[in-house]
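S.K.: just to be clear, the model below is a prediction. Sequence and coordinates:
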Amino acid sequence: MVKKDFIIIALDGGAGTGKSTTAHSLSTALNLLHVDTGSHYRAVTRAFLDLGLKPSEVNQYLNKKELQLGTQIIGRKSYLMIAKKSYEKDELRSHEINENVSDFSSIESVRNLLFNYQKNQVEIAKINKYNGIVMEGRDIGTVILPHANIKVFLEADPHIRANRRMRDGESDQIVNRDNKDTSRKIAPLVPANGCVHIDTGLVGIQEVTKVILDLLAKL
């Protein structure tokens, strides 16, 4: 039994480590708002590509214009809207987005654009009467929600992760993205202090969920 009135779970890890599957499982089990920050960066990348912008041109664009960000909630999941437009999954999971998202998400102005929006998802979860929030990404436990009740870092062998992507009908350069995500100067992908490491290549989703539920029960 979870004792906290409002639960905050930070879920970090590289591409294909099972963040979304784990977050969905926790959201269902505990009635948490599920926030996928990776999809935020994918949506912003899609918007910039649709505008014909390269990563080197983003700062100049954002100095002149502001992207209007909003939230759409469907079920227990929060979706980023840009200029009142939401994006379909296929638009955000294409090979083009996979190739470009790490480059756009490493830009400081882009991360600054999304920082307050992502932190504010906690208030949105409270306003909408969820029992808490599970937020997944690459800097959740370190930057966005450093005071989360539970911080988890998911990992798995790159070959396992690449095979998961292929089973989902996606092509993704896992090692290349890992290198970009871990080496960027702004909010790199690193385990948060005090986080729990779970290798999803060794345990299934039910076990991962149980580990986190057991941790919550001890709070």
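M.R.: Perfect, I can see it now.
S.K.: can you tell me the closest non-neighbouring residue to Leu69?
M.R.: Among residues not flanking Leu69 along the chain, Tyr117 sits closest, at 5.1 Å (Cβ to Cβ, 6 or more residues apart in numbering). (Glycine included, C-beta is placed from N, CA and C.)
S.K.: tell me the pLDDT at the residue of the chain positioned farthest from its centre?
M.R.: Centroid-distance maximum for the chain: Lys64 at 27.3 Å, with Cα atoms, centre = their mean. Listed pLDDT for Lys64 reads 92.
S.K.: and Ser109, by the same measure?
M.R.: 94.
S.K.: gap between stretch 67-87 and the chain center?
M.R.: Distance, stretch centre to chain centre, for stretch 67-87: 14 Å (Cα atoms, centre = their mean, to the nearest Å).
S.K.: how long is that stretch end to end?
M.R.: 15 Å (Cα to Cα, to the nearest Å).
S.K.: what's the mean pLDDT across it?
M.R.: On average, stretch 67-87 scores 95.
S.K.: kindly report the same for stretch 143-163.
M.R.: Stretch 143-163 comes out at a mean pLDDT of 93.
S.K.: now do the buried residues in that stretch.
M.R.: 143-145, 148-156, 158, 160-162 (16 or more other Cβ atoms under 10 Å).
S.K.: first-to-last residue distance for it?
M.R.: Note: stretch 143-163 ends 30 Å apart using Cα to Cα.
S.K.: number of nearby residues for the spatially closest residue to Val35 that is not a sequence neighbour?
M.R.: Nearest non-adjacent residue to Val35, counting by Cβ to Cβ, 6+ apart: Met135, 4.3 Å away. The criterion is other Cβ atoms under 10 Å. On that basis, Met135 has 28 neighbouring residues.
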